[in-house]
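Asker: predicted coordinates and the sequence they were generated for:
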Amino acid sequence: MKADAEKAARAVFARELEEVKPTKEELKESVYNINQLTSALKKAVAKDVEIRVVGSVVRGTHLRGESDIDIFLLFPKKYKRDRITKEGLDYAKRIVREKGDSYEVKYAEHPYTRVYLNSLGVRADVVPAFKIDNIEDMITAVDRSPMHADFVNKQLSDRQRDEVRLLKYLLKRQSLYGAEVMTSGFSGYLCELLIIHYGSLLNLLENVADFKLPVLIDPRNRATINDKSLVKRFNSQFVVIDPVDKDRNVAAGVSMETLGKFVMLCRAFTVKPSVAFFHGRGFSSSRVKGLLASFIKKSGLDMYVVSTRVPDKSEDIVWPQLRKVSEFVLNTVERSGFRVYFSIPIISGRHGLLVFFAPSEKLVTRMQKGPSVFIRKAQEEFVKSHPRSIAMTVRGETIYALEKNKYESIEYLLRDVAAGRIFGRRKDITLKGSRLMINTLPKDCAEDAYVWLLEDLGLLSES
């Protein structure tokens, strides 16, 4: 990185840190809230249950205005798994006492409680887990979380904690942050490990700009691994070994698309640093519908939207199902001879949207590819299975049948999809009774659906 670019980058970091680092008053308030919560829990839990506060607040890597608290109730291993779940939920409910306070049960590997304490103006997750000293003793996946906190707290300097904040903020503003399955982005823990591994944010961005697959990282030993067997072992081209669990890839949730976007971001920033990267893709929220309409007009494509209702369940449950449905419909469309340029599934509230951008075209007939004419049995079976073909021809050594297409346009095909005549049901999602819309989204669809769509199309750079 050139000296002038490096100087500019450091100036950008200094400016943005003033915006993202919690104020002294906010940090003081967080400490007060943590003390109030832990004091209330101490009165509720059994004496052999340890209360541990983990997460970004105690690691000193949280962003301004994001002081949510993670409290773990660490049970001795003598307890049964179902017992710690039951008692963990019971203990969390006991601290919800004031008028306006509430709680909800959330689900990860096992249930935990999210409490909303109106009296403190705070949200906290109370998670039951087993107390372990060695990873070999792990019973549930969350058992290692306190070990993560211990490792990070020992490794990060104060400067690096601030640089983790900057990295998180940069990724958030570019919509690359979040371990949720729908986002497929960088988790907070992964951000911390990357800063630990590369030593600084600037060094991280410079290295990511030169990434070549596979990327294999060992943060505990500050080493880049040259062992291609890890790709097969973890089924991933991006592997960051968990310092407290060598059998876990912390980057498993990061999609290749997200990693690719981050690489391009780093290349652009290191060439010409600017605060604009930390402000996200600039756009006016009031213009999202206009931007989408402009794209449709300029591209000459039509936007086909199959809108269905999704159940009121966690996005981590519904999203993979919707994505699979989208892939099935896309394959059906393409097998019918139609071209789809973009296929984008979206969840917006209770809406499940299957969005397809495709050129306007009619296919009265289509060429069906067959086998080599030199494979006699296969060739003869192909001819028999296409008795209504308009014509047959041989190109090279391959036989083709010209047939009348079942659907003359993608619109007709998707109308059958929306009516439930092609796709049945995938667990919680059915398309029967859904709607097909062309070049528009449902009127009650939230603005974030437009933002998601434009972001996937790379259009949010248009202000």
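Answerer: Yep, it's here.
Asker: so where's the stretch 1-150 of the chain shaky on pLDDT?
Answerer: For the stretch 1-150 of the chain, residues meeting the criterion pLDDT under 70 lie at 98.
Asker: so where do the strands sit in it?
Answerer: With DSSP state E, counting those that start in this stretch, the ranges of strands along the stretch 1-150 of the chain come out as 50-54, 69-75, 102-107, 111-117, 122-130.
Asker: next up, the contacts around the residue nearest the centre of the chain.
Answerer: Compute the mean C-alpha point of the chain, and by CA atoms, centre = their mean the closest residue is Thr183, 1.7 Å away. Counting by CB atoms under 8 Å, 6 or more residues apart in numbering, Thr183 makes contact with Ser175, Tyr177, Thr258. Any C-beta I mention is one placed from the backbone N, CA and C, and that applies to glycine too.
Asker: does it count as helix, strand or coil?
Answerer: Secondary structure for Thr183, judged by DSSP: H, G, I helix; E, B strand; the rest coil, is coil.
Asker: any idea how far Gly121 is from it?
Answerer: Relative to Gly121, Thr183 is positioned 27 Å away (CB to CB, to the nearest Å).
Asker: mean confidence for stretch 231-245?
Answerer: Regarding stretch 231-245, the rounded mean pLDDT is 96.
Asker: equivalent analysis for stretch 270-279, please.
Answerer: 90.
Asker: that one: which residues count as buried?
Answerer: Of the residues in stretch 270-279, Thr270, Pro273, Phe277, Phe278 count as buried by neighbour count, 16 or more other CB atoms under 10 Å.
Asker: let me have those in a markdown table, extended by secondary structure and distance to Glu50.
Answerer: Below are the buried residues of stretch 270-279 laid out as a markdown table (DSSP: H, G, I helix; E, B strand; the rest coil; distance: CB to CB, whole Å):
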| residue | secondary structure | distance to Glu50 |
| --- | --- | --- |
| Thr270 | helix | 44 |
| Pro273 | coil | 45 |
| Phe277 | helix | 42 |
| Phe278 | helix | 39 |
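Asker: which of those residues lies closest to Leu74?
Answerer: Distance to Leu74, by CB to CB, is smallest for Phe278 among the buried residues of stretch 270-279, at 37.2 Å.
Asker: distance check, that closest one against Val57.
Answerer: Separation of Phe278 from Val57 (CB to CB): 22 Å.
Asker: just to revisit the earlier point, out of the contacts of Thr183, which is nearest to Pro442?
Answerer: The closest of those, once distances to Pro442 are taken by CB to CB, is Ser175, at 22.2 Å.
Asker: let me know the helix or strand that the closest residue to the closest one other than its chain neighbours is in.
Answerer: Spatial nearest neighbour of Ser175, chain neighbours left out: Glu455 (5.7 Å); criterion: CB to CB, 6 or more residues apart in numbering. Element membership for Glu455, per DSSP states H and E: helix 447-456.
Asker: for the stretch 251-400 of the chain, which residues score under the pLDDT cut-off?
Answerer: Residues of the stretch 251-400 of the chain meeting the criterion pLDDT under 70: 280-286.
Asker: which residues of it fall in strands?
Answerer: Using DSSP E, counting those that start in this stretch, the strands of the stretch 251-400 of the chain run over residues 301-309, 342-348, 351-359, 365-372, 391-395, 398-404.
Asker: return the residues in contact with Ala5.
Answerer: Ala5 sits next to Thr270, Val271, Lys272, Pro273 when contact means CB under 8 Å, 6+ apart.
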